[in-house]
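A.B. asks: Predicted structure and sequence below. I'll ask about it afterward.
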Amino acid sequence: MAVDVRRIPSTLLAGLLLAATAPARAANLSTLDPAGPSAAAIRELLMLVTAIAAVIFLAVVSTLIYCIVHFRERSAAPEAEPPQIYGSTPIETAWTVGPILIVFVLTLVIIRTVVEARQVDPQPGAMNVRVIGHQWWWEYQYPDQGVVTANEMHIPVSRPNLARPIRLRLESADVIHSFWVPRLAGKTDLIPGHPNEMGFEAAEEGVFQGQCAEYCGRQHANMMIRIVVETPAQFEEWIQAQHRPAVAAAEKLSGSGLFVAETCANCHTIRGTPAAGTVGPDLTHLASRQTIAAAEIPNDRKNLSAWLNNPDVLKPGCRMPDLKLSQNDIASLVSYLETLR
């Protein structure tokens, strides 16, 4: 396979930049530390399967060690050949029936866990979120609240006295992706032309990170997921903030005109302005997000400038083109984007 050497410097630079931002990428992705009932059911299944496998392992190893020690050759010239056993109905029955019972039990448990973890049946009062996977970012639509955002999903926490189930409709805009946030739920694929559904609840507040779990192209490993779990009051505040259009004062900045003039508006939406593109993420409240580039790098002025200067350096193969902007234009655009809260 031929290697395009022209891409090596940018790929190396991207690796260095991502390594420099490693603290922002660090997250607890352990399935052994669930923060919701779906993830807890998966952990219980994992522990059960591990326990059964450990028992089988110990039984096999113990038998092997016993046979090696007990039936070892004790002299250089044995006087007689050991007794030869050519068949044992009890043993053959045991090693046939035993595995069948284990597989049968595990099948029932796995089916129950899958149904419980995915919450296949709609839960009463569930909040609907439409998740659309793109190469390589996530689009989140809240049809009941009339909100569209990207890369950071906000949901309310679920309490024992007030359950707040979340219902996801999973779709793909291009290739197969897979939505996986280990501490909240198991993974479910996003298949073009075939929407999937899953449900979960978050029992803890905080930021939960996940990952696209199906290879979807060059930037598959950098297609991160961030779910922000908040109190119901904080979530309602976030919804109200998302309803507000772009800050009116921002229209006076030169970057506002540049955003439209430099064709940014063809791909991105900023509500309250002429920008109404749907190819890339909705940027109406970009400055309120903690990260950019699908949760890969912190959302600050330095990284925004680097992204606008040449997005392919930070994310090789991304769909955003290099517009060859001057440093003055980049500074103006960043100043404008920083007002979009």
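C.D. replies: Yep, it's here. Numbering: from 1, shown residues only.
A.B. asks: need the helix or strand of the chain with the lowest average pLDDT.
C.D. replies: For the chain, counting by mean pLDDT, DSSP states H and E, helix 8-20 ranks last in confidence among helices and strands (a mean of 40).
A.B. asks: What about Pro37, how many residues nearby?
C.D. replies: 20 (other C-beta atoms under 10 Å). Yep, even glycine has a C-beta here, placed from its N, CA and C like the rest.
A.B. asks: How far does the helix or strand hosting Val334 sit from its chain's centre?
C.D. replies: Val334 belongs to helix 327-337 when assigned by DSSP states H and E. Relative to its parent chain, helix 327-337 has a centroid offset of 31 Å by C-alpha atoms, centre = their mean, to the nearest Å.
A.B. asks: Would you mind writing the CA trace of it as PDB?
C.D. replies: Only the C-alpha atoms of helix 327-337 are listed here, as PDB (Å, rounded to 0.1, in the frame of the first residue of the first chain):
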ATOM      1  CA  GLN A 327      -4.100  35.900  10.500                       C
ATOM      2  CA  ASN A 328      -6.200  39.100  10.800                       C
ATOM      3  CA  ASP A 329      -9.300  37.400   9.500                       C
ATOM      4  CA  ILE A 330      -8.700  34.400  11.800                       C
ATOM      5  CA  ALA A 331      -8.400  36.800  14.800                       C
ATOM      6  CA  SER A 332     -11.700  38.500  13.800                       C
ATOM      7  CA  LEU A 333     -13.500  35.300  13.400                       C
ATOM      8  CA  VAL A 334     -12.300  33.900  16.700                       C
ATOM      9  CA  SER A 335     -13.400  37.100  18.500                       C
ATOM     10  CA  TYR A 336     -16.800  36.700  16.900                       C
ATOM     11  CA  LEU A 337     -17.100  33.000  17.800                       C
END
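A.B. asks: Show me what counts as buried in that helix.
C.D. replies: 329-337 (16 or more other C-beta atoms under 10 Å).
A.B. asks: closest to Gly193 among these?
C.D. replies: Of all the buried residues of helix 327-337, Leu337 has the smallest distance to Gly193: 34.1 Å, by C-beta to C-beta.
A.B. asks: and the closest residue to that closest one other than its chain neighbours, what does it touch?
C.D. replies: Spatially, and ignoring its direct neighbours in sequence, Leu337 is nearest to Leu286 (5.6 Å; C-beta to C-beta, 6 or more residues apart in numbering). Residues in contact with Leu286, defined by C-beta atoms under 8 Å, 6 or more residues apart in numbering, are 292, 299, 337, 340.
A.B. asks: May I see the residues you listed arranged in a markdown table, with distance to Gly186, pLDDT and secondary structure as well?
C.D. replies: Shown next, in a markdown table, are those (distance: C-beta to C-beta, whole Å; pLDDT from 0 to 100; DSSP: H, G, I helix; E, B strand; the rest coil):
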| residue | distance to Gly186 | pLDDT | secondary structure |
| --- | --- | --- | --- |
| Ile292 | 28 | 84 | strand |
| Asn299 | 29 | 89 | coil |
| Leu337 | 36 | 86 | helix |
| Leu340 | 34 | 84 | coil |
